[in-house]
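Colleague: heads up, no residue letters with this:
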């Protein structure tokens, strides 16, 4: 075979290969997509996933299957996704803990968010409410800060467990205000709420839906919300910033990640699908009722967001002294 013929065949082979890759991406998705959640069924992440999957199926033309891989604060599921084929058919729904807290909490974490994943889309932000027992003689956040400062070490705060967001947000609040409270970890938020209502602990930071429900019943008192703007579920409750703690804005988030090296065109198609779904008034209303605020970020913006969030949560973990090894 002469040289011109070999060259022509090489060019043809390259062209066919490129066409095949382009065609494969254009056809994506052509089978069901799996969404891995690193926690048991029935929790907040599960609710968030199921809120989006029906609409996503209509946009993408394929079913989305939720796969639960609980363990180690979501690390088991994250590790499984990191090791999955980078073809866009296995995604992870991550919360703040999985995406940015675990890296500081576990010394032997089997994955690294920025190294092992490509962000697809941030889908929601989740503010918290700062709560006190009604037995406490305070009506607003300033009064509580003054009360706690006058009683260093005598005020306890409950959380759903060591190293979680309900543990770290009060630690951030302590740093921002100079108060000293004692952490009482529980196995989940339910027993912590029970003791808050009974006065065994005096303070909690918890997600909005349950907090708003108990506040309206008079079982707890919501003093402030941690977002920059007031929350529709607690319209009369000011933000922490409004209450005099400058710059205090701390919210959790939900977002979708894929294994690193997932093709850029696939990432873009998925990201656009999430953007389209989040414009639905029905989805947005239901999301707010679940205590989350629709807050879409595309792939590149979500990557920048993660890069800025990781250091602040790392600092909070170190200040708390929490370890999960």
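Modeller: Alright, I've got the coordinates. Just so we're clear, the structure is a prediction, and the values are computed from it rather than from any experiment. Numbering: from 1, shown residues only.
Colleague: Tell me the pLDDT of the closest residue to residue 74 other than its chain neighbours.
Modeller: Taking CB to CB, 6 or more residues apart in numbering, and ignoring the residues beside it in sequence, residue 74 has residue 38 as its nearest neighbour in space, at 3.1 Å. C-betas here are computed from N, CA, C, even on glycine. pLDDT recorded at residue 38 is 95.
Colleague: Now stretch 290-301: buried residues?
Modeller: Neighbour-count burial for stretch 290-301, with 16 or more other CB atoms under 10 Å as criterion, is recorded at 291, 292, 293, 294, 295, 296, 297, 298, 299.
Colleague: What distance do you get for residue 270 to residue 63?
Modeller: Distance of residue 270 to residue 63, computed by CB to CB, to the nearest Å: 15 Å.
Colleague: Quick check: closest non-adjacent residue to residue 277.
Modeller: residue 55 (4.3 Å).
Colleague: and the one you found, that's in a helix?
Modeller: Yes - under DSSP: H, G, I helix; E, B strand; the rest coil, residue 55 falls within a helix.
Colleague: show me the contacts for it.
Modeller: Taking CB atoms under 8 Å, 6 or more residues apart in numbering as the contact definition, residue 55 lies against 277, 280, 283.
Colleague: what are the phi and psi angles of the spatially most central residue of the chain?
Modeller: Taking CA atoms, centre = their mean, the centroid of the chain lies closest to residue 95, which sits 2.5 Å from it. Its backbone dihedrals place residue 95 at phi -110, psi -170, with angles given as degrees, to the nearest 10.
Colleague: For it, list each beta-bridge partner.
Modeller: With DSSP bridges applied, residue 95 shows beta-bridge pairing to residue 254.
Colleague: and it, what pLDDT?
Modeller: On the pLDDT scale, residue 95 gets 95.
Colleague: Would you check how far apart the residue nearest to residue 277 and residue 143 are?
Modeller: To residue 143, residue 55 is 44 Å away according to CB to CB.
Colleague: Looking at the buried residues of stretch 290-301, which are in strands?
Modeller: Those of the buried residues of stretch 290-301 mapping onto strands are 293, 294, 295, 296, 297, per DSSP state E.
Colleague: how about those residues in a markdown table, adding pLDDT and distance to residue 208?
Modeller: As requested, those are arranged in a markdown table below (pLDDT from 0 to 100; distance: CB to CB, whole Å):
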| residue | pLDDT | distance to residue 208 |
| --- | --- | --- |
| 293 | 90 | 9 |
| 294 | 94 | 14 |
| 295 | 95 | 14 |
| 296 | 98 | 19 |
| 297 | 98 | 20 |
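Colleague: Closest to residue 30 out of these?
Modeller: residue 296 (25.6 Å; CB to CB).
Colleague: Would you agree that closest one is in contact with residue 52?
Modeller: No - using CB atoms under 8 Å, residue 296 is not in contact with residue 52, being 11.3 Å away.
Colleague: list the residues that contact both of these two?
Modeller: Residues touching both residue 296 and residue 52 comprise 123, 274, with contact defined as CB under 8 Å, 6+ apart.
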